[in-house]
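A.B. asks: here are the coordinates; sequence isn't available:
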Ligand SMILES: Cc1cc2nc3c(=O)[nH]c(=O)nc-3n(C[C@H](O)[C@H](O)[C@H](O)COP(=O)(O)OP(=O)(O)OC[C@H]3O[C@@H](n4cnc5c(N)ncnc54)[C@H](O)[C@@H]3O)c2cc1C
């Protein structure tokens, strides 16, 4: 009987598992996909919001502001790339000053520190490439940018280091109440836990129904993005928003921690909870809207596009805590934006209750620190020489665009939970995220995955299940080709 079963290994499930792991190793995370962070947590703006958007008094506002405060230390402990670059909400007309003032007041009431309105001159000194049409902005120095992939991976690795187990390819299909807790069914397997956390993202309403619980309906709200080449990543310093509308925070232009430029998202309510396709119209809209924020958007430098699905709750607020009718069953449902920013605070809230219910004490020997995989790209010459001397695989560049070495790929596979797929390697060490989008490195990464996992080429997948890269040989290789 586990102390807790966490359903879903997105940023919320991973953060909860990490937090609980500081008390007990007796925690199991069940994930439908083959890796952590395969849902919404891999496809978002990666902003650690300051906390002025959400209604004062909402769970969203409280967890966003609290989460934002936790982030710097959190990322330092976990070896996650994070930069507190600040954000600016741009205003293009003096007539809308009241809207900016309202955001400022809301932010102050929510407890956001350092918020202020900057006028045109200061705006230009903060952000030299801002559009000439911007007349003022709301400046939030506490906003930041983070690597959402590394965050999920790091939380999971740290949880595992403290004994927590992750079970992948385990889609929860039924939940029954048993003496002392719950039995959770995933097709072939049955898991028992004293408590359950429902952190199933856009599927959290369905998981709630399996247990007979009450949480509000969730609509998938799709947001599309364009990623720009690293050569134009320094176009902006801060994250540039425009004044928000009824569907959310609108299109932003932001640097990423990996020095790319990101533009998006739009917001479109859809029906299919798995439809993360992009559309030509959607990408056109975000590029033309984003272009209004800067002097000139280099549209010819787009290297990739993607879409993510917000778990939009009917009543507009996060549902965090024990279900009213089911003692021991906890929801983290309707966690749309700013769920990434709020994750540490949501995890702390859930953990506090579960620790009390299960009578757990903090494990004094728990590991709170996680070392990142050393990146060849970020080493100076002396460090590179030392790395290659210690491990020759640091001398073999696998991904040319992002300068990723074989040693990094191997470490990403050997860690726990390690990468098992092409995308798993990509999200851990960035192979395939550059200008060629994997054209050069994919065969090389496949070969390392085969070697490390003792698999045949036909067994290598992009993202688990039936996403195979090749189906079989088209002809036998001759001895000299081999
Ligand atoms: C376009 C967009 C932009 C955003 N921008 C930001 C931002 O800049 N800053 C910010 O703070 N937030 C942002 N967010 C929100 C943030 O990404 C989410 O709040 C966060 O990722 C939600 O994490 P999660 O763990 O709840 O969900 P997910 O990451 O979706 O994880 C849920 C997991 O549950 C698994 N699962 C589902 N059903 C089952 C089942 N039956 N059995 C087992 N496993 C199951 C899924 O496979 C998935 O891995 C954005 C979201 C979107 C879509």
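C.D. replies: Received, thanks. Remember, predicted model here, so these are calculated numbers, not experimental data. Numbers count the residues shown, from 1 in each chain.
A.B. asks: residues from the stretch 51-200 of the chain in reach of the ligand?
C.D. replies: 171-172, 199-200 (C-beta under 6 Å from any ligand atom). Every C-beta, even on glycine, is put in place using the N, C-alpha and C of the backbone.
A.B. asks: Of the residues you listed, select the buried ones using a PyMOL command.
C.D. replies: Restricted to buried positions by 16 or more other C-beta atoms under 10 Å, the PyMOL selection for those reads:
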select buried, resi 172+199+200
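A.B. asks: Need the max-distance pair from the residues of the stretch 51-200 of the chain next to the ligand.
C.D. replies: Spatially, the most separated pair among these is 171 and 199, at 14.0 Å (C-beta to C-beta).
A.B. asks: my guess is residue 61 meets residue 49, correct?
C.D. replies: No: with contacts counted by C-beta atoms under 8 Å, residue 61 stays clear of residue 49, the gap being 10.3 Å.
A.B. asks: State the helix or strand in which residue 309 lies.
C.D. replies: If you go by DSSP states H and E, residue 309 is part of strand 302-313.
A.B. asks: And that strand, how far out from the chain middle?
C.D. replies: 11 Å (C-alpha atoms, centre = their mean, to the nearest Å).
A.B. asks: quick one: strands adjacent to it?
C.D. replies: Partner strands for strand 302-313, per DSSP bridges, with pairing direction: strand 218-228 (antiparallel).
A.B. asks: right, and the helix or strand after the strand it pairs with?
C.D. replies: Downstream of strand 218-228, the next assigned helix or strand under DSSP H and E is strand 239-242.
A.B. asks: Which strands and helices lie in contact with that next one?
C.D. replies: Contact partners of strand 239-242 among helices and strands, from 3 or more C-beta pairs under 8 Å, 6 or more residues apart in numbering; DSSP states H and E: strand 87-91, strand 252-255.
A.B. asks: need those in TSV with mean neighbour count, can you?
C.D. replies: Formatted as TSV, the helices and strands packed on strand 239-242 follow (neighbours: other C-beta atoms under 10 Å):
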stretch	mean neighbour count
strand 87-91	25
strand 252-255	26
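A.B. asks: will you turn these into a markdown table that also has distance to residue 294 and mean pLDDT?
C.D. replies: Converted to a markdown table, those look like this (distance: least, C-beta to C-beta, whole Å; pLDDT from 0 to 100):
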| stretch | distance to residue 294 | mean pLDDT |
| --- | --- | --- |
| strand 87-91 | 10 | 97 |
| strand 252-255 | 6 | 98 |
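A.B. asks: out of the ones you listed, nearest to residue 291?
C.D. replies: Using C-beta to C-beta, the nearest of those to residue 291 is strand 252-255, at 8.7 Å.
A.B. asks: can you give me the helices for this protein?
C.D. replies: 11-21, 59-78, 97-110, 120-126, 148-161, 204-210, 280-291, 339-358, 381-390, 406-414, 422-429, 442-453 (DSSP state H).
A.B. asks: Grab the nearest non-local neighbour of residue 438.
C.D. replies: The shortest distance from residue 438 to any non-neighbouring residue, by C-beta to C-beta, 6 or more residues apart in numbering, is to residue 432 (3.3 Å).
A.B. asks: and the one you found, what is it in contact with?
C.D. replies: Listed by C-beta atoms under 8 Å, 6 or more residues apart in numbering, the contact set of residue 432 reads 399, 422, 425-426, 438, 441-442, 445.
A.B. asks: go on, residue 133?
C.D. replies: For residue 133, the contacting residues are 92, 292, by C-beta under 8 Å, 6+ apart.
A.B. asks: I'd like to know how far it sits from residue 294.
C.D. replies: Distance of residue 133 to residue 294, computed by C-beta to C-beta, to the nearest Å: 10 Å.
A.B. asks: low pLDDT regions in the protein?
C.D. replies: 477-482 (pLDDT under 70).
A.B. asks: List the buried residues of stretch 293-304.
C.D. replies: So stretch 293-304, judged by 16+ other C-beta under 10 Å, has buried residues 293-294, 297, 301-304.
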